[in-house]
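# Requesting a structural model of the entry that follows:
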Amino acid sequence: MIVEGRGQYLYDEAGRRFLDAFAGIVTVSVGHCHPAVVRAVAEQSRRLQHTTTIYLHPEVALYARELAARFPAESGLSCVYFVNSGSEANDMALMLARAHTGNFDVLALRNAYHGLSDLTMGACGHGTWKQPVPQGFGVRHALNPDPYRGAFGSDGPRYAEDLRDLIRCATPGGVACLVHESIQGVGGAVELAPGFLPRAYEAVREAGGLCVADEVQTGFGRTGSHYWGYQRHGVSPDVVTLAKGIGNGLPLAAVVTRPEIAASLARRLHFNTYGGNPVCSAAGRAVLRAVDEEGLQARCASVGARLLEGLRELQGKHDVIGDVRGAGLMLGVELVTDRATKAPATKETATAHERMKDLGVLMGKGGLYGNVFRIKPPMCFGMADAEYLLGALDQALGAL
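All right, here's what the predicted structure looks like:
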């Protein structure tokens with residue numbers, strides 16, 4: 001029972017402190033109860049909490065401008081629409097792609113996660129999250145370009161050719177979009193094989209579709225080298241969806257696109273009661289300032305590099321670690337019972353996960369088989385925190 005938090009630390013009802021290595025499922029970006037975010041929320045709450053966007057409010061407009069400025073000018077991604085969650089953002093992005101292109105078929109990747117509305121659940125390629133209800137009409141799932149478990153290993157262009165074949169064989173020839181994560185989050189911090197996205201984007205655009213980058217978990221500098229995860233692949237999407245770390249825990253999300261694409265929704269009314277709420281917008285602006293002023297992207301790069309190095313050292317020590325992957329502070333450690341067969345060590349992962357909690361470290365657990373540690377802490381995570389996590393993990397794995 002977590003009742004308090006500060007920075008990268010959480011406290012239970014008995015006052016025990018835990019090192020948070022999961023950040024509320026990759027949501028607390030700049031740290032629990034960040035003073036600037038708390039102050040922005042309190043000040044805006046005293047002035048005005050809510051009107052909906054039927055009236056103008058400066059906080060919303062200023063935030064949209066500041067958020068759009070974080071995208072490369074040449075991308076044209078300058079139109080921002082606010083919603084409340086990643087599911088809503090992805091749902092709107094898929095609807096927007098269909099409205100703009102006039103095509104219905106959506107391409108997604110196996111092992112992907114995009115939300116739990118009917119439409120986004122259909123786009124998920126992760127059976128763990130699929131309820132037995134009608135879903136996924138018009139969604140086609142391509143092979144996952146997973147360097148560790150994928151059919152073609154790290155051969156990204158070969159996966160892209162399979163995507164092109166999927167368009168030829170399973171669609172009318174025209175598609176609405178491809179939706180993808182830059183690093184698959186719920187799927188177990190799976191990186192996309194090098195060379196896949198540029199070729200995939202070409203195939204999708206040749207079929208008249210848009211390219212939708214789901215940056216719900218990888219945005220705002222978390223990957224270290226770039227502000228947006230898709231930039232690591234050298235591509236420029238048509239639509240970008242944002243959530244989680246955007247508001248440091250407040251219900252806030254956004255869809256960012258080019259004006260001519262956004263205009264496709266103007267043929268009919270579209271409205272979101274809470275999207276662009278003044279309080280959430282004030283928090284979002286404070287998050288942007290904190291990321292910049294505190295150098296959190298650079299911190300993700302340096303601390304993440306040390307964690308990656310340390311995790312690979314543990315891989316050399318513990319045979320149960322089959323793969324270590326990720327970038328910045330979005331890392332995954334996959335456990336297997338046999339490195340040759342890559343049989344998932346699901347039970348062992350659960351045991352070590354519980355042991356980590358007993359040692360004072362909270363981590364995520366995911367992947368299709370529940371055998372991947374998801375290490376995605378608040379971006380204020382420091383070198384000393386990284387060393388403590390590595391020591392605890394070494395002990396937990398050694399006890400298996």
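
# how close does the residue most central in space within the chain sit to Cys300?
In the chain, the centroid-proximal residue (C-alpha atoms, centre = their mean) is Gln217; its distance is 1.8 Å. Distance from Gln217 to Cys300, counting by C-beta to C-beta, to the nearest Å: 13 Å. Any C-beta I mention is one placed from the backbone N, CA and C, and that applies to glycine too.

# Pull the contacting residues for the nearest residue to Leu116 once chain neighbours are set aside.
Of all residues not flanking Leu116 in the chain, Ser87 sits nearest, at 5.5 Å (C-beta to C-beta, 6 or more residues apart in numbering). Contacts here follow C-beta atoms under 8 Å, 6 or more residues apart in numbering; on that basis Ser87 touches 114-117, 120.

# Of these - the most surrounded one?
For those, the largest neighbour count, defined by other C-beta atoms under 10 Å, is 32 neighbours, found at His114.

# Now do the SS call for that one.
Put simply, His114 is coil when judged by DSSP: H, G, I helix; E, B strand; the rest coil.

# Who are the contact partners of it?
86-87, 90, 108, 120, 123-124, 179, 181, 214.

# what do you get if the cut-off is 6 Å, keeping everything else the same?
Applying C-beta atoms under 6 Å, 6 or more residues apart in numbering to His114 gives the contacts 90, 120, 123-124, 214.

# can you name the two of those residues that are farthest apart?
Cys124 and Asp214 (11.0 Å; C-beta to C-beta).

# Compare neighbour counts for those two and give me the winner.
Neighbours per residue, other C-beta under 10 Å: of Cys124 and Asp214, the larger number sits with Asp214, 32 against 26.

# Not counting stretch 332-347 itself, show me its contacts.
Residues contacting stretch 332-347 (C-beta under 6 Å, 6+ apart): 188-189, 311, 320, 322-326, 348-349, 369-373.

# Please list the members of those that lie in strands.
Among those, the subset assigned to strands under DSSP state E consists of 322-326, 372-373.

# of those, closest to Val240?
Checking the ones in strands among the contacts of stretch 332-347 against Val240 by C-beta to C-beta gives Gly326 as the nearest, at 20.2 Å.

# do you know how far the closest one is from Ala350?
21 Å.

# out of the two, which sits in the busier spot?
The neighbour comparison of Gly326 against Ala350 (other C-beta under 10 Å) goes to Gly326, with 25 against 14.

# and the spatially closest residue to that one that is not a sequence neighbour, what is it in contact with?
Once flanking residues are discounted, Gly326 sits nearest to Ala189: 4.6 Å by C-beta to C-beta, 6+ apart. By C-beta under 6 Å, 6+ apart, Ala189 lies in contact with 325-326, 331-332, 374.

# what's the answer for Gly125, then?
When contacts are counted by C-beta under 6 Å, 6+ apart, Gly125 touches 108-112, 141.

# Gly185 now?
Gly185 makes contact with Gln217 under the criterion C-beta under 6 Å, 6+ apart.

# Over to Ser264: give its phi and psi.
Per-residue torsions, Ser264: phi -60, psi -20 (degrees, to the nearest 10).

# Number of residues surrounding it?
Ser264, neighbours per other C-beta under 10 Å, totals 17.

# can you pull the pLDDT of Val287?
Val287 carries a pLDDT value of 98.

# which non-adjacent residue is nearest it?
Leaving out its chain neighbours, the residue that sits closest to Val287 by C-beta to C-beta, 6+ apart is Asn248, at 5.1 Å.

# Then Lys376?
Counting by C-beta to C-beta, 6+ apart, the residue nearest Lys376 is Val26, at 4.4 Å.

# give me phi/psi at the nearest residue to Arg374 once chain neighbours are set aside?
Spatially, and ignoring its direct neighbours in sequence, Arg374 is nearest to Gly364 (3.2 Å; C-beta to C-beta, 6+ apart). Dihedral pair for Gly364: phi -90, psi 160, per degrees, to the nearest 10.

# can you give me the strands in the stretch 151-300 of the chain?
Applying DSSP state E, counting those that start in this stretch to the stretch 151-300 of the chain gives strands spanning 177-181, 183-184, 190-191, 210-214, 239-242, 253-257.

# Next, the buried residues of the longest strand anywhere in the chain.
The longest strand of the chain (DSSP E) is strand 330-338. By 16 or more other C-beta atoms under 10 Å, the buried positions in strand 330-338 come out as 330-337.

# Likewise for stretch 191-211?
By neighbour count with 16+ other C-beta under 10 Å, stretch 191-211 contains the buried residues 191-197, 199-201, 203-204, 207, 209-211.

# Many thanks, I have nothing further to ask.
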